[in-house]
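Student: build me a model from this:
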Amino acid sequence: MANKRSHGIKEQISGPLIIAAVLAVVTFFGVSIFGAGGTNNTPPYVLGLTIAGAVFVVTLVVCATLILVEKPNDPELGEGTGINRSSAKLYAEAKARREAEARKKAAEGKD
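Tutor: Below is the predicted model:
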């Protein structure tokens with residue numbers, strides 16, 4: 001069995017944070033430069049900060065969603081009792097019961 005490397009919370013969060021920060025900074029400068037409409041006008045820093053913040057949040061949400069989708073569940077999560085019972089096991093048990101009852105009825109019918 002292969003050894004699983006456990007990734008700490010810092011390792012999982014640092015990548016998306018760096019990506020989101022870089023995109024936010026690029027967005028801030030892009031909006032501040034192009035939003036002014038020329039070199040004679042004052043750059044709209046508030047607009048740049050607002051849109052950069054929105055880009056930062058959206059990037060973090062997208063990255064978090066992609067991380068959640070990528071992680072497979074442990075196979076042992078489907079096993080257990082109560083709410084965590086495996087449907088394959090339940091089906092196999094029900095099938096075995098039906099077959100046993102059918103054999104019992106067939107044996108009674110022959111006698």
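Student: can we go C-alpha only for contacts and neighbour counts from here?
Tutor: OK.
Student: who touches A88 in this structure?
Tutor: The contact partners of A88, taken as Cα atoms under 8 Å, 6 or more residues apart in numbering, number zero.
Student: looking at it now. What's its pLDDT?
Tutor: A88 carries a pLDDT score of 75 in this model.
Student: what residues of the helix or strand it falls within count as buried?
Tutor: For A88, the enclosing helix or strand under DSSP states H and E is helix 87-110. Within helix 87-110, no residue counts as buried by 16 or more other Cα atoms under 10 Å.
Student: run the chain-centre distance for it.
Tutor: 40 Å (Cα atoms, centre = their mean, to the nearest Å).
Student: distance of L17 from L60?
Tutor: Going from L17 to L60 by Cα to Cα, to the nearest Å gives 7 Å.
Student: apologies, that question was intended for K110.
Tutor: 70 Å.
Student: now L47
Tutor: 20 Å.
Student: what residue is smack in the middle of this structure?
Tutor: Geometric centre of the chain, nearest residue: L68, 1.5 Å, by Cα atoms, centre = their mean.
Student: name the helices or strands packed onto the helix or strand containing it?
Tutor: Counting by DSSP H and E, the element that carries L68 is helix 45-70. If contacts are counted by 3 or more Cα pairs under 8 Å, 6 or more residues apart in numbering; DSSP states H and E, helix 45-70 sits against helix 9-34.
Student: what is the helix it packs on packed up against?
Tutor: helix 45-70.
Student: could you give the angle of the helix it packs on to helix 9-34?
Tutor: Put simply, helix 45-70 runs at 150 degrees to helix 9-34, going by axes from the mean of the first three to the mean of the last three Cα atoms, to 10 degrees.
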